[in-house]
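Q: fold the following, please.
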Amino acid sequence: MNAAASITPVSTLTCPECGHRQRETMPTDYCQYYYDCPGCGAVLKAKPGDCCVFCSYGDVPCPPVQCGGGTC
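A: Numbers count the residues shown, from 1 in each chain. As a prediction, this is how the structure comes out:
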């Protein structure tokens with residue numbers, strides 16, 4: 001089995017402003033630095049040291065992190 005087969009492509013983002021939870025499909029070819037909360041409209045951005053909003057606010061880290069920081 002190759003590494004790409006073990007990647008979880010979906011993460012649930014939780015807004016720190018209003019607590020809204022939204023299940024989203026993560027991009028595999030770029031890091032998503034910003035996300036507009038559909039609950040309150042807050043613009044979330046990756047926390048310092050995190051590569052993307054999924055690593056900062058998601059329940060599953062982004063695909064590059066799941067692959068150990070490299071390409072799967």
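Q: only the buried residues of stretch 20-40, if you could.
A: Within stretch 20-40, the residues scored as buried using 16 or more other Cβ atoms under 10 Å are Glu24, Met26, Cys31, Gln32, Tyr35, Cys37. For glycine as for every other residue, the C-beta is placed from the backbone atoms N, C-alpha and C.
Q: which residues sit against that stretch?
A: Contacts to stretch 20-40, defined as Cβ atoms under 8 Å, 6 or more residues apart in numbering, come from residues 7, 9-15, 17-19, 42-46, 51-54, 57-58, 60, 62-64.
Q: tell me what the worst-scoring helix or strand of the chain on mean pLDDT is packed against?
A: Each helix and strand of the chain was given a mean pLDDT (mean pLDDT, DSSP states H and E); the minimum falls on helix 63-66 at a mean of 90. Applying 3 or more Cβ pairs under 8 Å, 6 or more residues apart in numbering; DSSP states H and E, one finds that helix 63-66 contacts no other helix or strand.
Q: try it again at 10 Å.
A: Judged by 3 or more Cβ pairs under 10 Å, 6 or more residues apart in numbering; DSSP states H and E, helix 63-66 is in contact with helix 53-57.
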